[in-house]
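J.: What follows is a predicted structure for the sequence shown.
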Amino acid sequence: MRISVNGIQINVRDRGKGEPNLVFLHYWGGSSRTWTEVVDYLADQHRSIALDHRGWGESDAPGPGYGIADLTSDALGVVGALKLQHFVVVGHSMGGKVAQLLASRRPAGLKGLILVAPSPPSPTVLSDEQREQMLHVFDSPESIAYARDHILTAMPLTTAQKERVIEDSLRGGAAARQSWPNKIILEDSRAEVRHINVPTLVLSGDRDQVHPVAAVSEEVLSFIPGAQLQILPGVGHAPMLEAPESVAQSIRRFASGL
């Protein structure tokens, strides 16, 4: 379904029943479909709401408005439109950076925060060469497949997952593709993130090349009071694709303890 927030339509996949509700935020290049297998494991006990960030999936792709605050406002708009009273936000990579800012605003009904291979709240400074590479990573199925197999993951994906990654990345709007390397990655939300006051679980793959465990510990956990780290063995930067059952089990345990 599509929900009107901030003057645009945000696509949302709503499945399952049970509280706390789970709100899923995807990575740069992904979509709500990124969480398909995780939601499959959770649908019998939790209502799962996965959204497409603006410019990705089936959501609208306006020209401006791709800062971290914009994506956060969209997610909060979806939560408000659905009148969620008890919910946990689950964010991966870029979605993790959005989830941190969202949680720092302490919305009513937020019970917990789960960060999966999260991008840090601090700015990440890229060289011109690195930024140029990122700006062209979604240019073709071949470039996406290379990044998927050599950077994003450490464990093999199913054929359906591999195709989904390519389809989602190719579908992204031009402004959405450029927003991460040119804008969001440079934004600093450390001061805000220190205000997070809900239980927080961080899942990190021990073979993550994008945000290694040591970096996540130093640049994410150190800013979130009481955050707990769980390391996933043999997993790269896409735990929800590589080890969806393990991620779902961690989410279920965390939610049951709130």
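T.: Received, thanks. This structure is a prediction, so every number in the text was calculated from the model and none was measured.
J.: got the residue ranges for the strands in the stretch 1-150 of the chain?
T.: 2-5, 8-15, 21-25, 48-51, 87-92, 110-116 (DSSP state E, counting those that start in this stretch).
J.: The third one pairs with which strands?
T.: When sheet partners are counted by DSSP bridges, strand 21-25 sits next to strand 48-51 (parallel), strand 87-92 (parallel).
J.: List the buried residues of stretch 194-208.
T.: 196, 198-205, 207-208 (16 or more other C-beta atoms under 10 Å). Any C-beta I mention is one placed from the backbone N, CA and C, and that applies to glycine too.
J.: Among those, which lie within strands?
T.: 200-205 (DSSP state E).
J.: low pLDDT regions in the stretch 1-150 of the chain?
T.: Within the stretch 1-150 of the chain, no range satisfies pLDDT under 70.
J.: now the helices for it?
T.: 36-42, 68-81, 94-104, 128-135, 141-147 (DSSP state H, counting those that start in this stretch).
J.: Out of these, which gets nearest to Pro121?
T.: helix 94-104 (5.5 Å; C-beta to C-beta).
J.: I'd guessed Leu71 sits against Val98; true?
T.: Yes - contact criterion C-beta atoms under 8 Å: Leu71 and Val98 qualify, at 4.7 Å.
J.: Identify the contacts common to those two.
T.: Contact with both Leu71 and Val98 is made by residues 25, 53, according to C-beta atoms under 8 Å, 6 or more residues apart in numbering.
J.: Let me have the helices of the stretch 1-150 of the chain in JSON lines, extended by mean neighbour count and distance to Thr153.
T.: JSON lines is the format used below for the helices of the stretch 1-150 of the chain (neighbours: other C-beta atoms under 10 Å; distance: least, C-beta to C-beta, whole Å):
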{"stretch": "helix 36-42", "mean neighbour count": "21", "distance to Thr153": "13"}
{"stretch": "helix 68-81", "mean neighbour count": "20", "distance to Thr153": "24"}
{"stretch": "helix 94-104", "mean neighbour count": "27", "distance to Thr153": "16"}
{"stretch": "helix 128-135", "mean neighbour count": "13", "distance to Thr153": "17"}
{"stretch": "helix 141-147", "mean neighbour count": "15", "distance to Thr153": "10"}
